[in-house]
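In: Let me see the structure of the following:
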Amino acid sequence: MQAIFRPVLAVLLVLIASTAHAYIGPGAGIPVIGSLIGIIVTVVVAIGAILFWPIRKMLKRGKKKPAVEENNDNGSETSENADEVVDAVITDPKQDD
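Out: The predicted structure is shown next:
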């Protein structure tokens with residue numbers, strides 16, 4: 001009889017339990033809301049980066065940098081594409097020395 005009585009008593013106590021009228025407060029909810037906002041922002045930024053990547057590549061392809069960009073203090077001109085210019089000069093078969 002005791003083997004049946006305890007489980008039945010436990011089920012009855014769970015079923016007749018009343019609601020607790022207690023105040024939890026905003027301290028528990030604010031971190032949850034902050035975490036959800038952080039997750040949502042992360043997902044939106046990741047999707048935006050994935051969608052913007054091809055557009056950025058197309059914009060970069062459309063712009064061509066000039067070979068000569070600025071003058072140094074000593075009067076010589078510099079280029080960001082200096083390696084490409086040097087390779088073109090070295091491999092150019094039409095160049096006469």
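
In: average pLDDT for the helix or strand harbouring Ala10?
Out: According to DSSP states H and E, Ala10 maps onto helix 2-15. What helix 2-15 shows for mean pLDDT is 88.

In: Which positions within it qualify as buried?
Out: For helix 2-15, the buried set under the neighbour-count rule, 16 or more other Cβ atoms under 10 Å, is empty. To be clear about C-beta, it is placed using only N, CA and C from the backbone, and glycine gets the same treatment.

In: Alpha carbons of that helix, in CSV - could you do that?
Out: What follows is helix 2-15, C-alpha atoms only, in CSV (Å, rounded to 0.1, in the frame of the first residue of the first chain):
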residue,chain,number,x,y,z
GLN,A,2,2.8,2.4,0.8
ALA,A,3,4.4,1.9,-2.6
ILE,A,4,1.3,3.2,-4.3
PHE,A,5,0.4,5.9,-1.7
ARG,A,6,3.6,8.0,-2.1
PRO,A,7,3.4,8.5,-6.0
VAL,A,8,-0.3,9.2,-5.8
LEU,A,9,0.2,11.7,-3.0
ALA,A,10,2.9,13.4,-5.0
VAL,A,11,0.7,13.7,-8.1
LEU,A,12,-2.2,15.1,-6.0
LEU,A,13,0.0,17.7,-4.4
VAL,A,14,1.3,18.8,-7.8
LEU,A,15,-2.2,19.0,-9.2
